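> Sequence and computational prediction follow.
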Amino acid sequence: MSEKVKPESVSLYPLGTAAAPEPELLCIFGTGDFGRSLGQRLLQTGYRGVYGSRSPHSCGPLPQGAQVMSHAAAAQLASLVFICIHRENYSFLETLAPHLTGKVLVDVSNNLKKDLYPEANAEYLQRLVPGAHVVKSFNTLSAWALQNGPSDANRQVYLCGNSPEAKQMVVEVATKLGFTVLDRGSLYAARELEDFPLQLFPEWRLPLRVAVGLSASFFFYVLIRDVIYEYVEQGKDTSFRIMVSLANKVFPIVSLIMLCLCYVPGLIAAFLQLYRGTKYKRFPDWLDRWMLCRKQLGLLALGFASLHVLYTLIIPIRYYVRYRLAAITISQIQKNQTDEFVTGMAWRTDSYYSMGILGFALYLVVGITSLPSVSNALSWREFSFIQSKLGYLTLFFCTFHTYLYGWNKFLNHSSYKWYTPPPYMLALVLPSVVLVFKLLVLLPCVDRRLTRIRQGWEKDGPHDDSKKSLLE
Amino acid sequence: MSEKVKPESVSLYPLGTAAAPEPELLCIFGTGDFGRSLGQRLLQTGYRGVYGSRSPHSCGPLPQGAQVMSHAAAAQLASLVFICIHRENYSFLETLAPHLTGKVLVDVSNNLKKDLYPEANAEYLQRLVPGAHVVKSFNTLSAWALQNGPSDANRQVYLCGNSPEAKQMVVEVATKLGFTVLDRGSLYAARELEDFPLQLFPEWRLPLRVAVGLSASFFFYVLIRDVIYEYVEQGKDTSFRIMVSLANKVFPIVSLIMLCLCYVPGLIAAFLQLYRGTKYKRFPDWLDRWMLCRKQLGLLALGFASLHVLYTLIIPIRYYVRYRLAAITISQIQKNQTDEFVTGMAWRTDSYYSMGILGFALYLVVGITSLPSVSNALSWREFSFIQSKLGYLTLFFCTFHTYLYGWNKFLNHSSYKWYTPPPYMLALVLPSVVLVFKLLVLLPCVDRRLTRIRQGWEKDGPHDDSKKSLLE
Amino acid sequence: MSEKVKPESVSLYPLGTAAAPEPELLCIFGTGDFGRSLGQRLLQTGYRGVYGSRSPHSCGPLPQGAQVMSHAAAAQLASLVFICIHRENYSFLETLAPHLTGKVLVDVSNNLKKDLYPEANAEYLQRLVPGAHVVKSFNTLSAWALQNGPSDANRQVYLCGNSPEAKQMVVEVATKLGFTVLDRGSLYAARELEDFPLQLFPEWRLPLRVAVGLSASFFFYVLIRDVIYEYVEQGKDTSFRIMVSLANKVFPIVSLIMLCLCYVPGLIAAFLQLYRGTKYKRFPDWLDRWMLCRKQLGLLALGFASLHVLYTLIIPIRYYVRYRLAAITISQIQKNQTDEFVTGMAWRTDSYYSMGILGFALYLVVGITSLPSVSNALSWREFSFIQSKLGYLTLFFCTFHTYLYGWNKFLNHSSYKWYTPPPYMLALVLPSVVLVFKLLVLLPCVDRRLTRIRQGWEKDGPHDDSKKSLLE
């Protein structure tokens, strides 16, 4: 503990007076919405609060029980000051610097956009008042959460700062207000904390675009083959098939392709490493970015697979299906002949359904383990077992499911309407390629070389014995 | 750090002797079940333990290796004392106060009921022994968890107290016993920790009562229309429909209404704010309570929706349905006429199923994001996007699904048995109202005003320019 | 705080210079893969890094910007040293001990197998260099996670050590690298941390073996009765039933039995306690082990139940089922007679489906509450309410579901092909026994005695009044 901090300004609860501490006094600069909500909550929790304001006599309604005074006077009274002011108005704090030396300043500000300023607000504040201990915190909370107490996405408070003692003081206040605190390290992390409230699923955007693009393409492809072709060539209106039949062709295709897209970058990386003979060269940027959104790709693929399951399960209660089944039965009777039961057909369709169910079940297991609390409980070895081994097994089951669906229609000329292959054939290209390349990587000779590279071996590296004794 | 605490009593592992520290000695007051289980676990983990007892020579079986002596003698030996005594017997500790000065006292007690006493047990203890550092902890664990080690709901240990050093000592012991520690702040939080083990889903009670009430009402309504009406008017026994058909009418209705109930309080709040022209007036209590149980309302609604899905999917394997479908086919043949295929009917039913599936899928996404670990990983903006935007989209899909189910039966006179409207019409009232009012709120002029109010603007407030520069 | 640690070597960010701290210098011993990855990441994050190496001039490629020097020289410069060396080579550190006094040593090593050495690597290191402050950390991360930053299962860093100040320094570094830190207590926990990366679902192995064993046994039993019997006795090839029909007989049976296996050990424990009249005697080892894998047994049971649900829901789209239903309709017409509608049959099958759905829904609720983040949010009372009360209700529903499936086939002679009972009868034995014994335990007289025992009462214990006043 540094001598520079006077004991009375750091230790919130001096040990000797633990029995009945006088309520702590905290200072708030700024009487805007956030300042008001924060003050109200502090007072409710049992703190005393004093506002620092430029115009102490005309600053609007403040929480009952709070005092208002000039910035300098308010800062004098408390060892902890919440700076609830826009960054644009920070400059006046420079003149207050002498009054703020040794104080803990909590920067709660956010910006309206990312990268508006070269340095984080909190770092700017620290530069203005070098003698104070700046802690970035509370900025991820909404004023609503402050007024109504912690709940759901508003239970966690992040903080960062350079002084452990200053952070400890803020932790005390936050936990007393009922929040859970996550320390994100030094003030270096302030920018990350300031960007956090602005983000809206940044890592989901690329995968979502891929999903929408694939869905749209395949939808039009299927629309042309199943509705427009029928209408043009045979004059039949099958447009009602759009709602269920067509959707249920598009969803599984998109799901299968996106599941593959989770595994393609890993394969590319493996072959790059094999080719380069080292793992210490950086991958191209696009590959890095691709690898970072594999989880989102996989979860979207799971979502499409779930839709496929639901759309499949409602098939027998559809009007169209019931009508058609009844029509088949009636026509059998009218022709006075009974269709033969084909054991091969029963085998094929039952296997097809079985593969689909098992694939979907594995899919779900992989999805569940990507829930944050589950993956946190797994060791790295367990996580990669699930995501890689079980993931490839899922891909295999789902690909096999699609092959069984196709069966011998590959050879059937009538499948190729207007010379276009049925959509499931297109869907099978990528999975087949991925599975073949994965098999290649699993070949003992390739696998051994790759393992060595991943343990730090280099094709052109020094082959000294000393390295073998070092941690891999 | 206060001078009052002697170094040797605070630092569990003096830095100089880190290599082979002598096992720490801890003291336990009380030889009841909790005291015994705790002692046993401490000894197993490598601590030494000494019990303080009123009657050291007749206090029943204690864990092997533990010593027993008088309270005063035991307190002398250790710097940390677990107080495993009922609050009713705390008073004698006042006489021991001189022996306990500077010691860390861990209060593990719980009460049998809430609000039995005006102050928390730990605060009472601190008042009795003002010179000690009281830490509330371990009270959320069962004796079972202490004997068998951490698992599932027994992995976390909460603590609170006024002295950071004292808390650190307890953290050390708890982590060594294998628990994860959550610091809940100062001794002020003791009451909350003492109430925690007594709670049994307090926030679920109101939503559960609403769910049961709605289910019962709609069940009887449907029972009268579908079973009793049939029996009275046509003498048919359709009671078997209770198990599946009736249940599958009640579940979706309850689900839809409860989903609405998640969004009603937000709309009421918005209109209250618009009417009052400020957000700084408190909402009525019933509205606050309603808003706090929206998550539970939503999850119950999701539960009912899931039941609806399962009950719908088993329709085609029901004996009754198979019988009826066969009967229809047979009657067609016997009349020697085939029903026409109605494209409009196919469109309508397929759209109906599609809307239902998409609504349910969104429902699931909203439900998954309310898992604690998922919502913790979201920023506030992301969380409110999901819960509000996606939530309203879910409501829209589900309402549309129900309208498609009704279709033109609204106009059909025979739907109104005994002058009662079909239940799905009743179910549509609230969602329609909610969606209309939501649209009203989204109108640019209303939306702009509301946004300003939520950013702190007040109809009757001071309109000084300085406020605009403050954080919103 | 000990005097032995010089302030400048502990406090990463002396308070006075918080504004613009010079980048911290960290030392890494070992230039293997882990050392290189770690160094690269430290440099990227803004630290300065210096490697200590046995052969500073021939140690292969190092991250750009890092210096290399002899171990002694490198250790001199930094207050924190990462020991990225295999345990086998630790011995040379003993000679460096004078240079490492007062330094923080971070032991990142893992072993290739459990229990290779009598003491943990970190404890061995502490013994070699008694004057240093050893912290075990970073060993659960892969080199990959170090190079690419935290994600999913690689977001958490565990640490343990005897010196709080040394741990705080490592916490600072880890949070700055972007990891979340979990303190596991004193160096005593090092062995646990070193075993963590080696584990591959240890607690799932026994339950998985049980699941595979049960599945295989029942599969062969059903295969003999449904396929081989048909072939031998009637010459029919029904082998296609393997894929769906047989699987859908095996899954629910295994699920029901495994659900029971979750509750059997609790019942055995209760009867043991009743018989012994005390809860302070240890249970036999096999019972302890059984109780510890109840969660995994239950989740596997839920998995099998989900497969049963999916296999059931696809029944109506199977070729075999459609064929059979059409055949029945056709035969009715050809015989020119219509089957009677049997209300009792409708009641029975609908009840059967209803019980199944409700049982599965409760099953899901119990499963969801065993997600780590959900169970952490529950109090002990809530968790045991769900797992025990709701769990037994689930068991009851599922057992009743199976009885309704059987109905009067128990009495039907033709069910006993080759004198074997139908498999669902075998499945009902254990649940029935468990439910009967549970009812026994719930009898007031038994329940009262058991409650007293669990609160610490002993048949042969001292009956002194003092105990009544102590915490139970």
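All right, it came through fine. Numbers count the residues shown, from 1 in each chain, chains lettered A, B, ... in the order given.

> contacts, neighbours, all on C-alpha from now
Fine.

> ok, residue A:265 touching residue A:287?
Yes. Applying Cα atoms under 8 Å, one finds residue A:265 in contact with residue A:287, separated by 6.4 Å.

> okay, the two: which has more neighbours?
residue A:265 (19 against 15; other Cα atoms under 10 Å in any protein chain shown).

> what does the model give the more buried one for pLDDT?
pLDDT recorded at residue A:265 is 93.

> and if you look at residue A:19?
With respect to pLDDT, residue A:19 has a value of 40.

> Then residue A:50?
Residue A:50 is given a pLDDT of 91.

> Could you list the residues in contact with the host helix or strand of it?
Following DSSP states H and E, one finds residue A:50 within strand A:48-52. Residues outside strand A:48-52 that contact it (Cα atoms under 8 Å, 6 or more residues apart in numbering or on different chains): A:23-31, A:39, A:42-43, A:65-75.

> Check these for burial and list the buried ones.
The neighbour count (16 or more other Cα atoms under 10 Å in any protein chain shown) marks A:24-31, A:39, A:42-43, A:66, A:68-72, A:74-75 as buried among these.

> Go back to the residues you listed and keep what's next to chain B.
Counting by Cα under 8 Å from any Cα of the partner chain, A:30-31 from these sit close to chain B.

> Can you list the buried residues in whatever helix or strand residue A:354 lives in?
Secondary structure from DSSP H and E places residue A:354 in helix A:343-368. Buried residues in helix A:343-368, counted by 16+ other Cα under 10 Å: A:346-367.

> Stretch A:108-124 now?
A:108-111, A:120-124.

> start to end distance for stretch A:43-56?
19 Å (Cα to Cα, to the nearest Å).

> Now do the buried residues in it.
So, applying 16+ other Cα under 10 Å, buried residues of stretch A:43-56: A:43, A:47-54.

> And the furthest pair within the residues you listed?
Spanning the widest gap among the buried residues of stretch A:43-56 are A:47 and A:54, at 22.8 Å by Cα to Cα.

> which residues sit in contact with the residue of the stretch 201-350 of chain A found nearest chain C?
At 4.8 Å from chain C, residue A:347 is the closest residue in the stretch 201-350 of chain A, using Cα to the nearest Cα. Contact partners of residue A:347, counting by Cα under 8 Å, 6+ apart, are C:240-241, C:243.

> before we move on, what about residue A:71?
Contacts of residue A:71 by Cα under 8 Å, 6+ apart are A:29, A:51-54, A:96.

> Backbone dihedrals for it, please?
Main-chain torsions, residue A:71, degrees, to the nearest 10: phi -60, psi -50.

> Any part of whichever strand or helix holds residue A:399 near chain C?
Using DSSP H and E, residue A:399 sits within helix A:391-406. No. Judged by Cα under 8 Å from any Cα, helix A:391-406 and chain C are separated, with a smallest distance of 13.1 Å.

> name the helices or strands packed onto that helix?
Judged by 3 or more Cα pairs under 8 Å, 6 or more residues apart in numbering or on different chains; DSSP states H and E, helix A:391-406 is in contact with helix A:247-276, helix A:343-368, helix A:423-442.

> if you set the cut-off to 6 Å instead, what comes out?
Counting contacts by 3 or more Cα pairs under 6 Å, 6 or more residues apart in numbering or on different chains; DSSP states H and E, helix A:391-406 packs against helix A:343-368.

> Not counting its own residues, what contacts the next helix or strand after the helix it packs on?
Where DSSP H and E defines the elements, the next helix or strand beyond helix A:343-368 is helix A:372-377. Here helix A:372-377 makes contact (Cα atoms under 6 Å, 6 or more residues apart in numbering or on different chains) with A:369, B:373, C:153, C:372-373.

> Quick check: of these, which lies closest to residue A:194?
Closest to residue A:194, out of all of the contacts of helix A:372-377 and judged by Cα to Cα, is residue B:373, at 21.4 Å.

> measure that closest one to residue A:372 for me?
With Cα to Cα as the criterion, residue B:373 and residue A:372 are 6 Å apart.

> do the same with residue A:346
In terms of Cα to Cα, residue A:346 sits 42 Å off from residue A:372.

> Next one: the residue of chain A positioned farthest from its centre, what pLDDT does it get?
For chain A, the residue at maximal distance from the C-alpha centroid (Cα atoms, centre = their mean) is residue A:336, at 60.4 Å. We note a pLDDT of 78 for residue A:336 in this prediction.

> burial of the closest residue in space to residue A:409 that isn't next to it in sequence, as a residue count?
In space, and not counting its chain neighbours, residue A:409 is closest to residue A:415: 6.6 Å by Cα to Cα, 6 or more residues apart in numbering or on different chains. For residue A:415, the neighbour count with other Cα under 10 Å is 14.

> So in chain A, where's the weakest helix or strand by average pLDDT?
Using mean pLDDT, DSSP states H and E, helix A:7-10 stands out as the lowest-scoring helix or strand of chain A, at a mean of 35.

> Please name the strands paired to the next helix or strand after it in the sheet, noting orientation.
Note on helix A:7-10: by DSSP H and E, the next helix or strand toward the C-terminus is strand A:25-29. Paired strands of strand A:25-29, with direction, are strand A:48-52 (parallel), strand A:80-83 (parallel) (DSSP bridges).

> In PDB, list the C-alpha atoms belonging to the first one.
Which is strand A:48-52. This file holds the C-alpha atoms of strand A:48-52, laid out as PDB (Å, rounded to 0.1, in the frame of the first residue of the first chain):
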ATOM      1  CA  ARG A  48     -25.000  10.400   2.200                       C
ATOM      2  CA  GLY A  49     -24.600  12.300  -1.000                       C
ATOM      3  CA  VAL A  50     -23.400  15.700  -2.100                       C
ATOM      4  CA  TYR A  51     -23.700  17.100  -5.600                       C
ATOM      5  CA  GLY A  52     -21.100  19.400  -7.100                       C
END
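
> ok, back up a step: could you give me the average pLDDT of the following helix or strand past the strand holding residue A:50?
With elements assigned by DSSP H and E, the helix or strand that comes after strand A:48-52 is strand A:67-69. Average pLDDT, strand A:67-69: 89.

> what does strand A:67-69 rub up against?
Contacts of strand A:67-69 (Cα under 6 Å, 6+ apart): A:50-52, A:56.

> please redo it, this time with the cut-off set to 7 Å
Residues outside strand A:67-69 that contact it (Cα atoms under 7 Å, 6 or more residues apart in numbering or on different chains) are A:49-53, A:56.

> Stretch A:119-133 too?
Contacts of stretch A:119-133 (Cα under 7 Å, 6+ apart): A:87, A:93-94, A:97, A:100-105, A:107, A:134, A:136, A:163, A:166, A:187, A:190-191, C:16, C:19.

> How about stretch A:198-212?
Residues contacting stretch A:198-212 (Cα under 7 Å, 6+ apart): A:254, A:293, A:296-297, B:381-382.

> Tabulate the residues you listed in a markdown table, adding columns for neighbour count, secondary structure and distance to residue B:304.
Formatted as a markdown table, these follow (neighbours: other Cα atoms under 10 Å in any protein chain shown; DSSP: H, G, I helix; E, B strand; the rest coil; distance: Cα to Cα, whole Å):
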| residue | neighbour count | secondary structure | distance to residue B:304 |
| --- | --- | --- | --- |
| A:254 | 25 | helix | 30 |
| A:293 | 17 | coil | 34 |
| A:296 | 19 | helix | 28 |
| A:297 | 27 | helix | 30 |
| B:381 | 18 | helix | 28 |
| B:382 | 19 | helix | 26 |
